[in-house]
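>>> Got a sequence here, can you build the structure:
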Amino acid sequence: MEAAARKPTFIGTLKTVLAGAIGVRRRSDHERAPLNPVHLAVAAVLFVVLFIFTLLTVVRIVLS
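Sure thing, here's the model as predicted:
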């Protein structure tokens, strides 16, 4: 009942996406997390852009 009382927040969604990306989130936490689909899509796009930027930066540093 606690998850139903909490409202989904963008920061909470970011935490969920980042924890899922590195694999430290428990399945029970994931199932109880209140997520807004719009927040989830925006967070996923931001994460992908950040990930690509990080990879490009590492490649540029290694090749220089």
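
>>> Just want the most central residue of the protein.
Closest residue to the average C-alpha location of the chain: residue 17 at 1.8 Å, with C-alpha atoms, centre = their mean.

>>> Pop out the phi and psi values for that residue.
Taking degrees, to the nearest 10, you get phi -70, psi -50 for the backbone angles of residue 17.

>>> need the helices for the chain, in chain order.
With DSSP state H, the ranges of helices along the chain come out as 2-5, 10-22, 27-32, 37-63.

>>> just those: most buried one?
Neighbour counts (mean count of other C-beta atoms under 10 Å) averaged over each of these peak at helix 10-22, with a mean of 15. In short, each C-beta sits where N, CA and C put it, glycine included.

>>> Quick one: mean pLDDT for that one?
Helix 10-22 shows an average pLDDT of 83 in the prediction.

>>> just stretch 46-61 next, same as before
95.

>>> And the contacts of that stretch?
With contacts defined as C-beta atoms under 8 Å, 6 or more residues apart in numbering, stretch 46-61 is touched by 14, 17, 18, 21.
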